[in-house]
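> Structure for this input, please:
(one chain, ligands or ions: 1)
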Amino acid sequence: MGDFSGKVALVTGAASGIGRALCGALCERGATVYATDVREDELRVLEEEAAGHGEIRRAKLDVTRESDFRRVLDQVIDEHARLDLVINNAGIGLVGDFRQIDIEDLRRIIDVNLWGVVYGTKLAYDIMAARGNGHIVNIASSAGVMPVPMQTAYAMSKHAVVGLSRSLRIEAAVHGVKVSAVLPGLVDSRFFESAKAVGDYDYEEEMDSLPIRSISPRHAAELILDGVRANRELIVFPTSNRVILWLFRNFPRLMTPLLAKTTTRSLRA
Ligand SMILES: NC(=O)c1ccc[n+]([C@@H]2O[C@H](COP(=O)([O-])OP(=O)(O)OC[C@H]3O[C@@H](n4cnc5c(N)ncnc54)[C@H](O)[C@@H]3O)[C@@H](O)[C@H]2O)c1
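Numbering: from 1, shown residues only. As a prediction, the model looks like this:
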């Protein structure tokens, strides 16, 4: 997608962090944005803030509900007769000793991080493929291509999102539809305080101890839209994250013990 002006976009998980920043950035570039989330009050604020800068339409959409996606996508087509961009961004975290994570928590993370992306991808794809254009962007994580101990369930869900996106991308090209996956490094959002931490695992403290700086959601949104414009298969940022992923791809035998040493201290204490 070369230019976002006049385009119609839908973003999930738009009430905070990366999703919220994406809505603002798209709106400033002249797109009509359907900002969706389960947190309606915060969507209302986003809509008010955007007034006069572009068009943001808020809609309640729980990504774990196929019927919510169908309702909002029907609304988009009724109102605009087009769907150019869908960003499946909503996601949650689940961290800590895998022994202490119960099945319900696993079901929940699969429902939000995987089924939420599957519904958003499948239903958008059907519309876009029939029309011969559109771009689906799935927000995964660096945990979608490398192991992340103590975030095992999260990494599982994001690996699935990467597999879905990369495979569909090749198939979708035949129908004029683009598919990208985003692998962000650390972004300064509410994600870490909202994530469910089991046992006495202190997620925020773990993240603070990393020698890597986080970037702002706004910066992340700009980099994502640059990657969408360039139709990249994998949109990877910031530079520190690109380096880490490169090291993992090329030197897994060196990196895995290092990762184990730094992340599983609490299991051995
Ligand atoms: N923050 C990071 O460092 C980071 C790094 C890599 C990947 N990511 C991914 O980026 C995406 C956005 O995360 P963020 O950092 O902006 O976090 P965030 O917690 O600030 O935002 C996530 C949004 O998703 C919404 N959400 C949660 N469950 C939902 C549901 N069932 N239906 C609809 N919306 C729901 C929340 O209400 C929230 O507004 C996530 O998929 C996350 O896994 C984040």
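
> does the lengthiest helix in the chain come close to the ligand?
The single longest helix within the chain, with elements called by DSSP state H, is helix 152-173. No - interface with the ligand: helix 152-173 contributes nothing (C-beta under 6 Å from any ligand atom), its closest point being 6.9 Å away. Glycine gets a C-beta too; all of them are placed from N, C-alpha and C.

> what does that helix contact?
Counting contacts by C-beta atoms under 8 Å, 6 or more residues apart in numbering, the residues outside helix 152-173 that touch it are 88, 91, 93-95, 98, 101, 105-106, 109-110, 113-114, 117-118, 121, 125, 128-129, 136, 138-141, 143-148, 178-181, 183, 233-234.

> Give me the contacts around stretch 57-67.
Residues outside stretch 57-67 that contact it (C-beta under 8 Å, 6+ apart) are 12-14, 32-38, 40, 43-44, 46-47, 68-69, 71-72, 75, 79, 88, 90, 111-112, 115-117, 119-120, 123.

> May I have the distance across it, first residue to last?
The straight-line separation of the ends of stretch 57-67 (C-alpha to C-alpha, to the nearest Å) is 19 Å.

> Would you mark the buried spots in it?
Along stretch 57-67, the positions that meet the burial threshold by neighbour count (16 or more other C-beta atoms under 10 Å) are 57-59, 61-65.

> With distance to the ligand and pLDDT added, can I get those in a markdown table?
Below are these laid out as a markdown table (distance: C-beta to the nearest ligand atom, whole Å; pLDDT from 0 to 100):
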| residue | distance to the ligand | pLDDT |
| --- | --- | --- |
| 57 | 16 | 96 |
| 58 | 12 | 96 |
| 59 | 11 | 98 |
| 61 | 6 | 98 |
| 62 | 4 | 98 |
| 63 | 4 | 98 |
| 64 | 5 | 98 |
| 65 | 8 | 98 |
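
> now, the most widely separated pair of these?
Greatest spacing in the buried residues of stretch 57-67, by C-beta to C-beta: 57 and 64 (21.5 Å).

> the strands in this protein, which residues?
If you assign secondary structure with DSSP state E, the strands in the chain sit at 8-11, 32-37, 55-60, 85-88, 94-95, 134-139, 177-184, 196-197, 234-237.

> Which parts of this structure are helices?
Under DSSP H, the chain gives helices at 17-28, 40-50, 66-80, 103-109, 116-131, 152-173, 191-194, 203-208, 217-229, 239-250, 252-263, 265-268.

> chain center to stretch 38-51: distance?
19 Å (C-alpha atoms, centre = their mean, to the nearest Å).

> That stretch near the ligand anywhere?
Yes - if you take C-beta under 6 Å from any ligand atom as the test, stretch 38-51 does meet the ligand, through 38-39.

> buried set for that stretch?
Of the residues in stretch 38-51, those buried by neighbour count under the rule 16+ other C-beta under 10 Å are 38, 42-43, 46-47, 50.

> Let me have the residues you listed in TSV, adding pLDDT as columns.
Listed next are the buried residues of stretch 38-51 as TSV, based on pLDDT from 0 to 100:
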residue	pLDDT
38	98
42	95
43	96
46	93
47	91
50	83
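
> Pick the one among those closest to the ligand.
Of all the buried residues of stretch 38-51, the one sitting nearest the ligand is residue 38; the distance, using C-beta to the nearest ligand atom, is 4.5 Å.

> how far away is the closest one from residue 19?
Taking C-beta to C-beta, to the nearest Å as the measure, residue 38 falls 12 Å from residue 19.

> mind putting the strands of the chain in CSV, distance to residue 154 included?
Converted to CSV, those look like this (distance: least, C-beta to C-beta, whole Å):
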stretch, distance to residue 154
strand 8-11, 21
strand 32-37, 20
strand 55-60, 25
strand 85-88, 16
strand 94-95, 6
strand 134-139, 13
strand 177-184, 13
strand 196-197, 10
strand 234-237, 18
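
> To residue 214, which of those strands lies closest?
Comparing these by their distance to residue 214 (C-beta to C-beta), the top pick is strand 177-184, with 9.6 Å.

> counting contacts, what elements does that closest one pack onto?
Helices and strands in packing contact with strand 177-184 are listed as helix 116-131, strand 134-139, helix 152-173, helix 217-229, strand 234-237, helix 239-250; criterion 3 or more C-beta pairs under 8 Å, 6 or more residues apart in numbering; DSSP states H and E.
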